[in-house]
Structure formats: structure tokens, C-alpha cells
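In: The following block contains a protein sequence and its predicted model.
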Amino acid sequence: MAVSGATSERTVGTSLVVLDGVNKWFGELHVLKDINLTVARGEVVVVIGPSGSGKSTLCRAINRLETVDQGTISLDGLPLPQEGKALANLRAEVGMVFQSFNLFAHKTILENVTLGPVKVRGVKPAEAEARARELLDRVGVGQQAGKYPAQLSGGQQQRVAIARALAMEPKVMLFDEPTSALDPEMIAEVLDVMVDLARRGMTMVVVTHEMGFARTAADRVLFMSDGAIVEENTPEEFFTNPRSERAKDFLGKILRH
Ligand SMILES: Nc1ncnc2c1ncn2[C@@H]1O[C@H](COP(=O)(O)OP(=O)(O)OP(=O)(O)O)[C@@H](O)[C@H]1O
Ligand SMILES: [Mg+2]
């Protein structure tokens with residue numbers, strides 16, 4: 001997949017997301033195994049690995065959609081809040097884009113993007129609308145503002161989902177296979193938006209098997225297998241010279257497709 005753009009304008013700064021000794025079980029299944037991960041401000045981390053290796057669980061833990069059994073996760077120096085308003089604020093600070101677009105079906109595109117800022121952030125409606133229109137233009141769907149999600153293509157809906165997350169002014173954006181439900185011609189338009197976001201300095205954790213995106217935008221690739229981070233490296237080094245047998249095996253499989 002060809003994606004345009006370079007990342008040279010970005011600078012990678014101090015720690016923003018820190019996972020320290022994180023373990024999680026689903027019953028007997030040890031789904032996150034001693035995860036230690038620091039994501040720096042402005043850094044783009046791509047997470048790859050086989051189905052069931054714990055990639056989504058890792059993302060969901062950072063957003064506290066899942067609790068962890070051991071270890072700590074902190075955002076911008078503070079442990080993730082447990083509940084209440086602090087948790088709602090955390091969700092605003094950690095933008096998340098899923099494989100399925102999860103837009104509110106009975107709200108217009110514009111309403112989808114203004115709702116969070118008005119309800120959670122207390123932004124004035126006029127201000128939220130101006131900002132939403134700016135974001136919708138940025139992701140290339142400004143013309144669709146008055147439509148409903150079902151009237152848009154999958155690629156357009158996913159770009160709205162990105163705009164909706166950005167409207168909350170998150171500190172970090174998590175993407176969990178954002179293009180895997182899309183037709184090939186729509187994948188590039190979503191990846192282009194993500195490359196642009198990376199170039200603007202957004203801190204991003206991206207679960208994807210799109211190697212073009214990883215090579216263009218990622219500072220680091222993490223390879224997960226059976227709940228553990230078994231390898232981490234620059235995209236160049238990881239894709240051309242994977243060290244572990246599991247990574248070699250996995251890359252062999254996805255590169256053949
Ligand atoms: N709510 C749950 N209850 C029990 N087991 C779960 C739950 N969610 C996930 N699992 C299991 O935890 C493991 C890791 O799941 P996870 O969704 O994090 O993997 P993944 O790497 O995202 O896989 P995929 O590439 O298929 O999306 C899998 O074995 C999965 O079946
Ligand atoms: Mg997953």
C-alpha cells in the first residue's frame with residue numbers, strides 16, 4: 001500500500017503513555033504478559049502480531065475499556081482513573097478508532113463530531129461546530145456534514161470517526177485495525193489521514209498490518225505473540241531483519257498475501 005508523506009517535521013519527546021509490569025488474565029488465559037511499554041510524546045508505535053496475541057486488549061487497557069490485574073498504566077504522569085468523571089475525561093484524552101466505525105447512526109456527521117466536545121468537554125455549540133467543520137474538511141468529508149453515517153462509504157465513515165476522536169483534543173490516539181474492514185480503494189484514503197496526523201505530531205498507537213503505513217509513519221514496531229511483546233524495532237529493521245522465529249513466521253505469512 002503506497003502512502004504519501006514523510007515524518008521529518010515531528011519530534012519525539014517525553015513519556016506520555018507508560019505501561020509498567022502489566023499482566024491480565026481472562027480466566028485461565030494469560031492475555032497480557034508482563035508488558036513494559038513507554039510511548040513518548042509525538043511517537044508513532046505500530047503493533048502487529050497474529051490473531052489472538054492481545055493487540056486489541058492492549059489498546060483497550062490503555063483506554064481502560066479493560067482493567068488489568070497487575071502493574072500500572074499511566075497517561076501523562078498520572079495513573080488511569082478508576083471511575084466517574086475522571087474516567088470520562090480520560091476517554092476524551094485517549095482517542096480510539098476501531099475496525100468498525102461506531103458512529104451514532106441517528107445523528108448527522110456534524111452531530112457525531114460535536115456531541116463529545118459539547119457534552120463532555122463543555123465546549124459551546126457554535127465553537128464545537130466550527131471546530132468540527134474544520135476537522136471534517138481536514139479529513140476530506142466536509143461536504144458530508146449534514147448526512148447520516150449510512151449515507152457515507154466505509155472509508156468516509158472511518159475518517160469521520162477519526163475527526164470525532166480528534167474533536168476531543170486527545171493526548172494520544174489509539175487505532176485498532178482501522179482499515180481492515182475497508183475495501184482496498186478506501187484503505188489508502190484512511191491511511192493518508194493517519195500519516196498526516198502522525199506528521200502533525202500526534203502520539204499514536206496503531207494496530208495494523210499495513211506495512212506501507214508502518215514504514216512511512218512508525219517510529220517503532222512492536223510484535224506481539226501470545227500476550228507478550230516479543231520484538232520491538234524500527235520498521236525498517238523489523239520488516240527486513242526480524243529476529244525471532246515467531247516474527248519471521250508471521251511476516252512470512254502476511255507477506256505472501
Ligand atoms: N472479553 C473476553 N473474554 C475472554 N477472552 C477474551 C476476551 N477478549 C479477548 N479474549 C481473548 O484474549 C485473547 C486476545 O484477544 P485480543 O482481541 O486482544 O487479540 P488480538 O491480537 O486483537 O486478535 P485479532 O488480531 O484477532 O484482533 C484471545 O485469545 C481472545 O479470544
Ligand atoms: Mg484485535
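Out: That came in fine, so what should we check first? Numbers count the residues shown, from 1 in each chain. Ligands and ions are numbered 1, 2, ... in the order given.

In: so where do the strands sit in this structure?
Out: Taking DSSP state E as the criterion, the chain carries its strands at 15-26, 29-40, 44-48, 70-75, 78-79, 94-97, 172-176, 203-207, 220-225, 228-233.

In: how much distance is there from the last one to the middle of the chain?
Out: Remark: strand 228-233 is offset 18 Å from the chain centroid, using Cα atoms, centre = their mean, to the nearest Å.

In: how about it: buried residues?
Out: Counting neighbours by 16 or more other Cβ atoms under 10 Å, one finds that the buried residues in strand 228-233 are 228-231, 233. Every residue, glycine included, has its C-beta placed from N, CA and C.

In: Same check on the first one?
Out: Neighbour counts using 16+ other Cβ under 10 Å place 16-19, 22, 24 of strand 15-26 among the buried residues.

In: now for that strand, which elements pack on it?
Out: On a contact count with 3 or more Cβ pairs under 8 Å, 6 or more residues apart in numbering; DSSP states H and E, strand 15-26 meets strand 29-40, helix 55-62, strand 70-75, strand 203-207.

In: most packed of the strands of the chain?
Out: strand 44-48 (a mean of 26; mean count of other Cβ atoms under 10 Å).

In: List the pairing partners of that one within its sheet, with orientation.
Out: The pairing partners recorded for strand 44-48 under DSSP bridges are strand 203-207 (parallel), strand 220-225 (parallel).

In: I'd like the ones you listed written out as CSV, with mean pLDDT and distance to residue 39 added.
Out: Formatted as CSV, the strands paired with strand 44-48 follow (pLDDT from 0 to 100; distance: least, Cβ to Cβ, whole Å):
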stretch, mean pLDDT, distance to residue 39
strand 203-207, 98, 6
strand 220-225, 97, 9
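
In: Of all the ones you listed, which one comes closest to residue 60?
Out: Nearest to residue 60, of all the strands paired with strand 44-48, is strand 203-207, at 10.6 Å by Cβ to Cβ.

In: hey, C-alpha coordinates of the closest one in CSV?
Out: Provided in CSV are the C-alpha atoms of strand 203-207 (Å, rounded to 0.1, in the frame of the first residue of the first chain):
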residue,chain,number,x,y,z
THR,A,203,1.1,10.5,19.6
MET,A,204,-0.3,7.3,18.1
VAL,A,205,-0.6,3.6,18.9
VAL,A,206,-1.7,1.8,15.8
VAL,A,207,-2.6,-1.9,15.5
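
In: so, in contact with ligand 1 or not, that strand?
Out: No. On the criterion Cβ under 6 Å from any ligand atom, strand 203-207 is out of touch with ligand 1, staying 6.7 Å away.

In: now the angle between strand 15-26 and that strand, please.
Out: 30 degrees (axes from the mean of the first three to the mean of the last three Cα atoms, to 10 degrees).
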